[in-house]
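In: here is the input, now give the coordinates:
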Amino acid sequence: RFSQAPTTCTNTTPLLFLPHYLAPDMAPLRSLLCTLALATAATAFTTAPIHQPQRTQQLSPLCSDKGGGSAIATPKTKQITTTVQKQKQKSEQKKKFQPGDPELKNESDFEDAPMFRLYLIGDEDDDQEHVVTRVFEIVEDCSEDDAATLFKSATQTGEAFMGKYPMEIAEMYCEQLTRSDPIIYADVRDDKS
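Out: Presented below is the predicted three-dimensional model:
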């Protein structure tokens, strides 16, 4: 009964959706609506002057046009002393951190790490070749001849003093020796005892 074909004022712009039996009678209305649409679109993009309301109050002295507050206010007190102090501080900082003058700390500031003694414990079941090889591989400052001497001393007296080391290094050497297969017994003792 009703057609959904658009009725337009031009061939490309749909304006109204009217039933087909009302479309011929509404031609003047369509013309009027097209004219209004064009007039509205034309005035929407034109520039119009912006009207500013008249001021009813007087401006404050700081914002007046007579030059009362347009200048930057200057403080009545002088800040020369703070500027001089800052400049002195900056020059002191520059003196402290010059790359050409390294600061040497006093030797009294450093404390020596506590030393611990590392001992090789002798065992009758130890194989000389295995013990000498492992001690030579693990302990950095030990030669093969020193390792052989340590093995002989440990088998004769029950233990052999291997050296003094910081706690972490002595414990690392001891742990690596005891993890050997077959096990090599070692012990770490405080240097004071």
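In: buried set for the host helix or strand of Met162?
Out: Element membership for Met162 (DSSP states H and E) is strand 159-166. Neighbour-count burial for strand 159-166 flags 159-160, 162-163, 165 (criterion: 16 or more other Cβ atoms under 10 Å). (C-beta placed from N, C-alpha, C; glycine too.)
In: same question, stretch 117-124
Out: Applying 16+ other Cβ under 10 Å to stretch 117-124 flags 117-122 as buried.
In: still on that earlier bit, partner strands of the strand holding Met162 and their direction?
Out: Strand 159-166 pairs in its sheet with strand 115-121 (antiparallel), by DSSP bridges.
In: and the next helix or strand past the strand it pairs with?
Out: For strand 115-121, the following helix or strand on the C-terminal side (DSSP H and E) is helix 128-138.
In: follow-up on the earlier one: export the buried residues of strand 159-166 as JSON lines, with columns for distance to Ala27.
Out: Formatted as JSON lines, the buried residues of strand 159-166 follow (distance: Cβ to Cβ, whole Å):
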{"residue": "Glu159", "distance to Ala27": "122"}
{"residue": "Ala160", "distance to Ala27": "122"}
{"residue": "Met162", "distance to Ala27": "116"}
{"residue": "Gly163", "distance to Ala27": "115"}
{"residue": "Tyr165", "distance to Ala27": "110"}
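In: who's in contact with stretch 172-188?
Out: Residues outside stretch 172-188 that contact it (Cβ atoms under 8 Å, 6 or more residues apart in numbering): 116-123, 125-127, 130-131, 134-135, 138-139, 159, 162, 165, 167, 170-171.
In: using PDB, write out every CA atom in it.
Out: Provided in PDB are the C-alpha atoms of stretch 172-188 (Å, rounded to 0.1, in the frame of the first residue of the first chain):
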ATOM      1  CA  MET A 172      84.000 -22.300  48.100                       C
ATOM      2  CA  TYR A 173      87.300 -24.300  48.000                       C
ATOM      3  CA  CYS A 174      86.200 -26.500  50.800                       C
ATOM      4  CA  GLU A 175      82.800 -27.200  49.200                       C
ATOM      5  CA  GLN A 176      84.300 -28.000  45.800                       C
ATOM      6  CA  LEU A 177      86.700 -30.400  47.400                       C
ATOM      7  CA  THR A 178      84.000 -32.200  49.300                       C
ATOM      8  CA  ARG A 179      81.800 -32.500  46.200                       C
ATOM      9  CA  SER A 180      84.600 -34.400  44.400                       C
ATOM     10  CA  ASP A 181      83.900 -38.100  43.600                       C
ATOM     11  CA  PRO A 182      85.400 -39.800  45.500                       C
ATOM     12  CA  ILE A 183      85.100 -37.200  48.300                       C
ATOM     13  CA  ILE A 184      88.100 -35.200  49.400                       C
ATOM     14  CA  TYR A 185      87.800 -34.000  53.000                       C
ATOM     15  CA  ALA A 186      88.600 -30.300  53.800                       C
ATOM     16  CA  ASP A 187      87.900 -27.900  56.600                       C
ATOM     17  CA  VAL A 188      87.600 -24.100  57.100                       C
END
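In: mean confidence score for that stretch?
Out: Taken as a whole, stretch 172-188 has a mean pLDDT of 94.
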